[in-house]
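J.: Structure here, sequence nowhere to be found:
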């Protein structure tokens, strides 16, 4: 009888487990669907082309295992390059000898 009660309590808390799931729009991250809003407002061939290209790009990134925010971080790290100091030289602390 105790196992059934535990299962009922677990089912009551399922909605908390799913509360941080990303919103989906036709199988892709909803943040990647922003071009569709532009398409609704400005329906031109160039907007259709950009919407299709961005949709294919976001689907390809998700197939590689990258979410929209992680793809942006990955692009930023590729753009900046391998050498990234933590502080700019003007803000680095200098060693001080008080002796």
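T.: Now that the structure is in, tell me what you want to look at. Treat the numbers as computed from the prediction; the structure is a model and nothing was measured.

J.: how far is stretch 27-34 from where the chain is centred?
T.: 10 Å (CA atoms, centre = their mean, to the nearest Å).

J.: Report the mean confidence score over that stretch.
T.: Stretch 27-34 carries an average pLDDT of 81.

J.: next one: stretch 7-21
T.: Mean predicted lDDT for stretch 7-21 stands at 70.

J.: could you point out which element follows the stretch of helix or strand residue 49 belongs to?
T.: For residue 49, the host element (DSSP states H and E) is helix 45-63. Downstream of helix 45-63, the first helix or strand assigned by DSSP H and E is helix 68-80.

J.: Can you give the distance from stretch 20-29 to the centre of its chain?
T.: 11 Å.

J.: What is the end-to-end distance of that stretch?
T.: 13 Å (CA to CA, to the nearest Å).

J.: measure the residue nearest the centre of the chain to residue 55 for me?
T.: The residue lying closest to the centre of the chain (CA atoms, centre = their mean) is residue 69, at 2.2 Å. The spacing between residue 69 and residue 55, counted by CB to CB, to the nearest Å, is 18 Å. Where you see a C-beta, it was placed from the backbone N, CA and C, and this is true even at glycine.

J.: got it, and residue 43?
T.: In terms of CB to CB, residue 43 sits 16 Å off from residue 55.

J.: The two - which one has more neighbours?
T.: residue 55 (17 against 9; other CB atoms under 10 Å).
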